[in-house]
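1. Got a sequence here, can you model it:
(3 chains)
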Amino acid sequence: MTDTLNGHKRYFVENTWYAAAWETELDDNDGRMARTICETPLVLYKTENQGYVALDDRCCHRAAPLSIGRVEGNCIRCMYHGLLYDPSGKVTEIPGQSNIPSSMKVRSYPLCSKGGMLWIWMGDPELANEDDIYHFEPLSQPDKWRGFDKGDYLHYDANWLLIVDNLSDFSHVAFVHTNTLGGSEDYAYNTIPENIEKMDNGFSMERWDKGSKAAPFHAKVIPQDELDNPLDRCNITSMYIPGIFLMETIFAPAGWDAEKNDRSLCREYRNCQFMTPETRNKTHFFWDYLHGFDLDNPDISKSLKASLLEGFMEDKLFIEEQQKLLEESPDFVPRFIEADEAFAHFRRIWDHRLRAENEANPLVQKENKKRIL
Amino acid sequence: MTDTLNGHKRYFVENTWYAAAWETELDDNDGRMARTICETPLVLYKTENQGYVALDDRCCHRAAPLSIGRVEGNCIRCMYHGLLYDPSGKVTEIPGQSNIPSSMKVRSYPLCSKGGMLWIWMGDPELANEDDIYHFEPLSQPDKWRGFDKGDYLHYDANWLLIVDNLSDFSHVAFVHTNTLGGSEDYAYNTIPENIEKMDNGFSMERWDKGSKAAPFHAKVIPQDELDNPLDRCNITSMYIPGIFLMETIFAPAGWDAEKNDRSLCREYRNCQFMTPETRNKTHFFWDYLHGFDLDNPDISKSLKASLLEGFMEDKLFIEEQQKLLEESPDFVPRFIEADEAFAHFRRIWDHRLRAENEANPLVQKENKKRIL
Amino acid sequence: MTDTLNGHKRYFVENTWYAAAWETELDDNDGRMARTICETPLVLYKTENQGYVALDDRCCHRAAPLSIGRVEGNCIRCMYHGLLYDPSGKVTEIPGQSNIPSSMKVRSYPLCSKGGMLWIWMGDPELANEDDIYHFEPLSQPDKWRGFDKGDYLHYDANWLLIVDNLSDFSHVAFVHTNTLGGSEDYAYNTIPENIEKMDNGFSMERWDKGSKAAPFHAKVIPQDELDNPLDRCNITSMYIPGIFLMETIFAPAGWDAEKNDRSLCREYRNCQFMTPETRNKTHFFWDYLHGFDLDNPDISKSLKASLLEGFMEDKLFIEEQQKLLEESPDFVPRFIEADEAFAHFRRIWDHRLRAENEANPLVQKENKKRIL
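-> Got it, this is the predicted structure:
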C-alpha cells in the first residue's frame, strides 16, 4: 500500500477525474445522494437545468448532511435549520436571518456527465478539463453495443488498488474463475500477456488463448450446437489512472486471422470497470458489460450480468481477505512475479503522480522546510 | 466539540447532578442495573431501606461487573467469587477468607431520587447538595399534569451537546418536524426567540407562533370540530447544565392575552428532557411529556408519546449523522448564525465550568507546573 | 494484563507448544483451515502423508490467504494466481513462469499431533521438542475413558489469561455455577485449596468437598435412587504454561479413604481445557470431558456436554464482561485475595518466561542498548 505518505501529505492523487456515480443512481434517489470519495463526504445532486453539482456533505452551520436535504431549482436546502446552498457552495438563505456572512459556504467540486457516468475532480478546479475524461464509446453506441438497463454498482471492503491489481493480471482467471469466466486452469500456463504498452497514465496489453473451448459465461449465450467448435479468445485490456479499466473481448473461430479474416465471424464484448476509492480501505466499483451480437435478445444481457457477478464475487472473496491480512500485517512486502509487470508500472506512475502533487502542496512544502532547518 | 481538554484534563464537568436513571428502570431489573455515565461504568442499585447506591461497576478483585451481582439488604454481592460490598463501596465479606484488607473497596457516588428520577454526582462528594437538583414539579403533580405511565428512555449515538444544540434552536422544528411537531416551514421565517435570559447555569427563552393552525401532534388530541380555529402557540424553554431541558407549551385561542385573559381557555403541556453523556460519543436521553387537560383520558398520553417519538426519530437521524460527520472531520469549525445565541451562551458557561474544575484538579496543576519549568 | 511489554517486545511466550486445532476440525474442512494464533494468521493443513503443516496464511506474492487454497499431495496451492507451496513454505511452482526466486517463501511452523490435538510451536524451530507436549492420557484410552465423539471448541472474546484465572480458583463454582456445576454457595465457604504445588511451568492443587450432595451435572447421570447418598467430591487440577488445564474429579461415598478403600466405589471424570490466545483479546478454547463409568451408555456424554456447556456459558458471561471493563479501564490494578495464590504463581512464571525470551530477542537487545547510550 502507498501508506508512506502521511500527515499533511495526501494519500490520493487529486488532479484527476474519478467515477462518482451513474446518473441513474441520482434519478433513483430524489435527485441527490451521499457519496464519500477519497475520504471526503460529498452530496451529489442534479439541478433543474439538468446540471450536476458536488458539494461537501456537511452544512457549514452544524455539520448536518446536505444529502438528506431537498433540491430546490439549482440549489439544495439543508433540512435541519433550512440553509439554502447554490451550486458554488454559497449559502443564499438563512430562514429568520437577513444578513448572510460570506464565510457561510462549503466547497464545491467540478462534476460532469459523460456516457451516463458522473465524473468528479477532487483537486484544483483550475486544472479540471472535461476533455480529459476517458470516453468509453460503447456506452454511447446502443446500435452497436448492448449493455445493462442501468450501469451496475458494487461496494468493496478493500483498497481500490487491490482491484486494479486483480485486473492487471489475468492469470488469476485460471484459478479464481475456472468454472465461470475462465474455463480451465491451463489458461495460466498456456497464455501470457502480449504487446504490453506502458503509458504515462496507464497501460494496455493483449492476452490470446488459442484453440480452446468457449469460456463458461460465453457458452451460455451462444447457439448450443456451436459449443464444441474451438475458439481463439482475445482480451485487450487497458487500465488508466486513477482506476479505469476497459476491455475488448473477441471470440473468433480457431485460426482466425485479424489481418485476413472478416470481423463478422467473431462475437465481441466490451467491458468497463471503474474503481474509485471511498476511503483507503473501501472502494466504489462501477461496471457494465456490453455485447455486440444479437442486440435484440434481452436474455443475453441478463445472462452476462449473472455470470460476471458470479465471477466478481469470486474475486471479492480474495480481495477482501487480502485487505484484512494486509491490515493485520503492516510490514508485509509483496514479492513480484513476472506477470506483475503491468501492475508494477501502474504503481510506479501512481506514486510518481502522487509525489509530484504532494511536493507542489504548500502544506507539505512547509513541513519539509521545517525538517531541513 | 470541547475536545481541547485531553490527557489529565477532564472532559466532563463533574461537580453537577446528572440524570442517571428512572426509578422504574431499577424496579424492572431486579433492583440493580449497569449504566455508564461520563465514561465511568457504574452499578446502580436500590437498598432494602429504599435508598439508592451507585458504585464503580468493577469488582476490585478481578473487575467482574457488580451489575450482574445480587442485592442483599443494603449491600450488593459480586457473583463471581462472592465478595460483598456495602453502600460506601467497602468489601465486607470474602467467602473463605477471614481477614479483609482495607484496600478492598470501590468508589461510591452520591445518588438521590427526585420526581422519580435518580440523580448522580460524579465529582467531589463533599460538594454534593441535593437541594441543587432541578425539581421539575409537574412530575410530582398528578392532579395537575398527566404524563406517561413510566418515564421514557432513548439512546443516542451522539455527543449529548448535539442534542442540547438541537433543543436550543426551535427553527429546526419548521424543517425537521414539518408534519409531526411543527406544522409549517413558515415557523422558521415568522417566529423568533424572545426574552432570551442568559444565566450562570443555563438559559431560557420564549417563542410565539401567532394565529397558526394546531400543530400536528396537538391536532390529534383536541376535539375535531376545533381543528380550524386559529391558535397562538407559545413555547417557553429552559436549558440548564449539564443537559436539562424543561418546556412549557401553551396553545391559546388566537389573540389571547396572558395579562387579560383566563388561562383556562388554553391547553397546556409540560415537557422534560434530560441528556446525560454515556461517553463523549453516546448519550442517555430521558423524557416525559405531560398534558394539563382531559387528565382522565389515557388515550391522550398514548397519542402524545407516539407523536413525540416520531419527532424524536426525525431529530435522531440528523443528530447521529452530524456525529458521524464530525468524527470524520475533526477540523470542522461550526459557523454560528443568529439563532445560535442561546446555545453559544450554553457552550461558553460549560467551557468556563469545565476549565475552572480542571484548574482546581491537582493532576492538571502538576502538569501545568511541569510545562512552565 | 501483561501489557507492559510493547513495541519490539513480544507479548506471548513463543517457545512453548500451543493447542492449535483438533484433527477433526481439519477433516471437516477439506483438510485445511485458517487459524490465528498469537496474533499470527496461519493456514493449517494435512498432507497426503498424514502429516500436518502450519504456514503463514499469506501468499508471499499478494497476501492472498492460503487457507482458501487447495491441498495437492504434501503441498498447498494458492488459488489466486496458482503459486504452489511445499511443507517448508517454499514456492515450488509459479504458473507461466519458469524461474522461481528463493525469496518466494513463507514461514513454516512445527505442528504435531498428539491425542487428536494439533500442537504448534510459534518460536525458534530449533528448540521445538515433541516430547515436551503435555500428553493427556485419557484422550488415548477409550477402554478406560469415554469422551465426546469429537473434541469441542469455543471462542472467547477475552484474553486467555482471564480463563486461566477463572480455572485457577474454584470458589467461583459456588456463585457462578450454583445450579449447574456447583450445587451450593457453601462450597466457597467450606472448601479450600489443598496441596498447592508450584512448579516451574504451572501448578496443581486439590479441593475436597466432603459429605455434600451430588453436584447437578453428576446427579443427572447417576442412578436416581442414589441421589440422596452423601458424597465426598474431589477435584485435582493442574495448569501448565501456556494455558493447559487438566482435571481429575472423583465422587466417592462420604467417608471414603483413598488409602484404605477401593477406587471402584467411586465415579470419576477426566477433563481437559486448552486455552490458546488468538489475539491478546480473543481466545481459542478446546475441551473434552470424559467419564470413567458406564462407558457404553452414550447418553452420559451427551448429558455431560450439555451440563458443562451450560456452566461454560455462565463463565463466559463473566469473563467477556471482565474483558470489556478492563479494556475501558486500562489503569485498573486487581487486588489479590488469598484464593488467588495459584494464579498469582502462574502470572509470575509466565512473566518470567516472557521476560527471558524478550531479553534474548536481538531486536529488544538493540532497543535496550539505544536506551542506555
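2. Need phi/psi at the closest residue to chain C within the stretch 151-300 of chain A.
-> Chain C sits closest to residue A:188 of the stretch 151-300 of chain A, with a gap of 3.8 Å, by C-beta to the nearest C-beta. In this view, the C-beta of every residue, glycine as well, is placed from N, C-alpha and C. Note on residue A:188: backbone dihedrals following degrees, to the nearest 10 are phi -80, psi -30.
3. Test my guess that it contacts residue A:178.
-> No - here residue A:188 does not reach residue A:178: they are 9.9 Å apart, not a contact under C-beta atoms under 8 Å.
4. out of the two, which sits in the more crowded spot?
-> Counted by other C-beta atoms under 10 Å in any protein chain shown, residue A:188 and residue A:178 do not tie: residue A:188 has more neighbours, with 24 against 18.
5. Contact partners for the more buried one?
-> Shown in contact with residue A:188 (C-beta atoms under 8 Å, 6 or more residues apart in numbering or on different chains): A:171, A:173-175, C:81-82, C:95-96.
6. and with 6 Å instead?
-> Taking C-beta atoms under 6 Å, 6 or more residues apart in numbering or on different chains, we find residue A:188 in contact with A:171, A:174, C:82, C:95-96.
7. Likewise for residue A:23?
-> A:113, A:116.
8. Quick check: it vs residue A:150, distance?
-> In this view, residue A:23 and residue A:150 are 9 Å apart by C-beta to C-beta, to the nearest Å.
9. got it, and residue A:211?
-> Residue A:211 is 37 Å from residue A:150, by C-beta to C-beta.
10. What ranges does chain A have for its helices?
-> Using DSSP state H, the helices of chain A run over residues A:23-27, A:160-168, A:172-176, A:186-190, A:216-219, A:298-328, A:341-359, A:362-372.
11. measure the most centrally placed residue in chain A to chain B for me?
-> The structure's chain A has its C-alpha centroid closest to residue A:274; by C-alpha atoms, centre = their mean the separation is 1.5 Å. For residue A:274, the distance to chain B equals 24 Å [C-beta to the nearest C-beta, to the nearest Å].
12. That residue against residue A:19, yeah?
-> Yes - when contacts are counted by C-beta atoms under 6 Å, residue A:274 is listed as touching residue A:19 (3.6 Å).
13. Common neighbours of those two, please.
-> residue A:286.
14. Tally up the residues packed near whichever residue of the stretch 51-200 of chain A sits closest to chain B, please.
-> Nearest residue of the stretch 51-200 of chain A to chain B (C-beta to the nearest C-beta) works out as residue A:95 at 3.9 Å. By other C-beta under 10 Å, 20 other residues sit near residue A:95.
15. related to what we said a few turns ago, so who does the residue nearest to the centre of chain A touch?
-> Counting by C-beta under 6 Å, 6+ apart, the residues that residue A:274 touches are A:19, A:244, A:286.
16. Would you format those residues as TSV with distance to residue C:321, pLDDT and neighbour count included?
-> Formatted as TSV, the contacts of residue A:274 follow (distance: C-beta to C-beta, whole Å; pLDDT from 0 to 100; neighbours: other C-beta atoms under 10 Å in any protein chain shown):
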residue	distance to residue C:321	pLDDT	neighbour count
A:19	46	98	26
A:244	50	98	25
A:286	45	98	21
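17. Relative to residue A:227, which of those residues is nearest.
-> residue A:286 (32.4 Å; C-beta to C-beta).
18. Bridge partners for that closest one, pull those for me.
-> Beta-bridge pairing for residue A:286 (DSSP bridges): residue A:153, residue A:274.
19. Looks like it contacts residue A:19 (just checking).
-> Yes - if you go by C-beta under 6 Å, residue A:286 and residue A:19 touch, sitting 5.2 Å apart.
20. if we can go back for a sec, and the contacts of residue A:188, which of them are in strands?
-> Of the contacts of residue A:188, none are assigned to strands by DSSP state E.
21. Can you add pLDDT and give those back as a markdown table?
-> Compiled in a markdown table, the contacts of residue A:188 are given as follows (pLDDT from 0 to 100):
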| residue | pLDDT |
| --- | --- |
| A:171 | 87 |
| A:174 | 90 |
| C:82 | 96 |
| C:95 | 94 |
| C:96 | 90 |
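22. Between those, which sits nearest residue A:13?
-> Once C-beta to C-beta is applied, the member of the contacts of residue A:188 that ends up nearest residue A:13 is residue A:171, at 27.6 Å.
23. contacting residues for the closest one?
-> A:188, A:339, C:81, C:96.
24. Name the nearest residue to it, ignoring sequence neighbours.
-> residue A:188 (4.3 Å; C-beta to C-beta, 6 or more residues apart in numbering or on different chains).
25. Tell me, how many residues neighbour residue A:179?
-> 12.
26. ok, now residue A:21?
-> The local packing of residue A:21 (other C-beta under 10 Å) involves 26 other residues.
27. cool, the one 10 residues further on as well?
-> For residue A:31, the number of neighbouring residues by other C-beta under 10 Å comes to 15.
28. Phi first, then psi, for it.
-> Dihedral pair for residue A:31: phi 80, psi 0, per degrees, to the nearest 10.
29. and it, what does it touch?
-> Residue A:31 sits next to A:45-46, A:71 when contact means C-beta under 6 Å, 6+ apart.
30. now, which of these sits nearest residue A:123?
-> Set against residue A:123, the nearest of those by C-beta to C-beta is residue A:45 (21.0 Å).
31. doesn't residue A:32 make contact with the closest one?
-> Yes - Residue A:45 lies in contact with residue A:32 (C-beta under 6 Å); the separation is 3.7 Å.
32. Between those two, which has more neighbouring residues?
-> residue A:45 (26 against 20).
33. do you know how far the more buried one is from residue A:51?
-> 9 Å.
34. Tell me the pLDDT of the residue in the stretch 201-350 of chain A that chain B sits nearest to.
-> When scored by C-beta to the nearest C-beta, the stretch 201-350 of chain A has residue A:279 as its residue closest to chain B, at 9.3 Å. If you check residue A:279, the pLDDT there is 95.
35. That one against residue A:39, yeah?
-> Yes - the criterion here is C-beta under 6 Å, and residue A:279 meets it with residue A:39 at 4.9 Å.
36. Get me the contact residues on chain A for chain C.
-> Residues of chain A lying near chain C by C-beta under 6 Å from any C-beta of the partner chain: A:171-172, A:175, A:188-189, A:192, A:318, A:321-322, A:325-326, A:332, A:334-335, A:337-338.
37. Could you rerun that using 8 Å?
-> Within chain A, the positions near chain C by C-beta under 8 Å from any C-beta of the partner chain are A:165, A:169, A:171-172, A:174-176, A:185, A:188-189, A:191-192, A:317-318, A:321-322, A:325-326, A:328-329, A:332, A:334-339.
38. is it true that residue A:335 touches residue C:104?
-> Yes - counting by C-beta under 8 Å, residue C:104 is a contact partner of residue A:335 at 5.8 Å.
39. Looking at the two, which is more packed in?
-> Between residue A:335 and residue C:104, counting by other C-beta under 10 Å, residue C:104 is the more crowded of the two (20 against 16).
40. Quick one: residues contacting the more buried one.
-> For residue C:104, the contacting residues are A:335, A:337, C:60-61, C:83, C:90-91, C:94, by C-beta under 8 Å, 6+ apart.
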